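Enquirer: Here's my sequence, what's the structure:
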Amino acid sequence: MRKVEELLERCDVYREDVKLLDRQVSTIQETVTRYEEDIEEKLQERLLCEKSSELFKKIADDTNKVAKEQIEEVLNYALGNIPLEQNYRASLEETESKRSGKELNIILTDVETGHQRNLKSQTGTWIVQVISFILTMIVIKFNESSRVMVLDEVFTGMEDNEMIKVFSEILISLADNEDFQIFMVEHRKELDDVEGVNNIPFVIENYEEGTKIAGT
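Expert: The predicted structure follows:
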């Protein structure tokens, strides 16, 4: 009789253990289900982020493409109105760079021969100055920045009087039509004959007093 009672007690203990295990299994299953739902939610969020990233990249690429085309159009229009030895057409090309990832290079193509020159390393000072100045104007205009410029010997490298005259007319046009205020430090006598350029001569009578306006 005693053995039967012991067996019954063990059965009760086993029964409680089984109930406990059932509850643990149920809790684990609920946790697993919750984790699976969380994983699915995160996967959907990741998919949404990837699609958003692709969309934003496409928008950025399209915006950059439009800006690039606008810059090229303005740059080539300006180049077409400046007397150069060759007739160039400019294009902006994006290249990979180890230092900055990506960079834009200006390529000049001779319209007559098709020969291409890299502005950075294969052109003279005069062309580099002209294009750099034009690009500065484009950036200022597009960004609606303050239109006050101080230029230091911008005509350096211009040996042709006609070049100086045309470039001066560009500066005058920017002042008259685009509300630019341009101050230049120059030593070129040719500017005395350009209508629209207001020359203010400076002199150094002695180095202790420094530079002052002539006649004052």
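Enquirer: contacts, neighbours, all on C-alpha from now
Expert: Will do.
Enquirer: Outline the domain layout of the protein.
Expert: The chain resolves into domains spanning 66-144, 146-216 when parsed by automatic domain parsing.
Enquirer: What is the distance between the longest one and the centre of its chain?
Expert: Relative to the mean C-alpha coordinate of its chain, domain 66-144 is positioned 15 Å out (C-alpha atoms, centre = their mean, to the nearest Å).
Enquirer: same thing with the shortest one?
Expert: From the chain centre to the centre of domain 146-216 is a distance of 31 Å (C-alpha atoms, centre = their mean).
Enquirer: Mean pLDDT and distance to Asp17 for the domains of the chain - can I get that in TSV?
Expert: Below are these laid out as TSV (pLDDT from 0 to 100; distance: least, C-alpha to C-alpha, whole Å):
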stretch	mean pLDDT	distance to Asp17
domain 66-144	76	64
domain 146-216	78	82
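Enquirer: Next, work out how far apart Thr27 and Glu169 are.
Expert: Computed as C-alpha to C-alpha, to the nearest Å, the Thr27 to Glu169 distance reads 84 Å.
Enquirer: for Leu75, what are its contacts?
Expert: Leu75 makes contacts with Ala90, Ile131, Ile134, Leu135, as judged by C-alpha atoms under 8 Å, 6 or more residues apart in numbering.
Enquirer: so how far is Val185 from Arg15?
Expert: Distance from Arg15 to Val185, by C-alpha to C-alpha: 101 Å.
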